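S.K.: Only the shape, not the letters, is given here:
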């Protein structure tokens, strides 16, 4: 098992210790469970995200991508004229 050194502000450390105490576990185990839960989030988040996109498309509703993609380069200005070959 790996060891990790972290640096926290005193009030953040106090909050972590209080959360560990409420969970009736050591601070080390609390951080380990917190990290494990975070590790699982991307898998859940991405599958939930794509399921929502599929649901919106199936219902014929706007999934929001058009708005994101249409405006992503809006602040770049106009292209320079292209040279003919």
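M.R.: Perfect, thanks for sending it. Here the structure is a predicted model, which is why all the values come from computation and not from measurement. Numbers count the residues shown, from 1 in each chain.
S.K.: what helix or strand is residue 25 on?
M.R.: Using DSSP states H and E, residue 25 is not contained in any helix or strand.
S.K.: what's the helix or strand residue 32 falls within packed up against?
M.R.: The secondary structure element spanning residue 32 is helix 27-58 (assigned by DSSP H and E). Using 3 or more Cβ pairs under 8 Å, 6 or more residues apart in numbering; DSSP states H and E as the contact criterion, the secondary-structure elements in contact with helix 27-58 are helix 10-22. Placement of C-beta: from N, CA and C, glycine included.
S.K.: What lies in contact with the helix it packs on?
M.R.: 8, 26-27, 29-31 (Cβ atoms under 8 Å, 6 or more residues apart in numbering).
S.K.: Closest to residue 75 out of those residues?
M.R.: residue 8 (37.9 Å; Cβ to Cβ).
S.K.: Tally up the residues packed near residue 25, please.
M.R.: Residue 25 is surrounded by 14 other residues when neighbours are defined as other Cβ atoms under 10 Å.
S.K.: Neighbours of the residue nearest to it when sequence neighbours are not counted, how many?
M.R.: For residue 25, ignoring the flanking residues on the chain, the nearest one in space by Cβ to Cβ, 6 or more residues apart in numbering is residue 33 at 7.5 Å. Using other Cβ under 10 Å, residue 33 has 13 neighbouring residues.
S.K.: Can we start the residue count at 58 from this point?
M.R.: With 58 as the first residue, the last one maps to residue 90.
S.K.: so where's this structure uncertain?
M.R.: Along the chain, the model assigns pLDDT under 70 to residues 99, 101, 117-131.
S.K.: could you give the angle of the helix holding residue 89 to helix 67-79?
M.R.: On the basis of axes from the mean of the first three to the mean of the last three Cα atoms, to 10 degrees, helix 84-115 is oriented at 90 degrees to helix 67-79.
S.K.: what's the offset of helix 84-115 from the middle of its chain?
M.R.: Counting by Cα atoms, centre = their mean, to the nearest Å, helix 84-115 is centred 8 Å from the centre of its parent chain.
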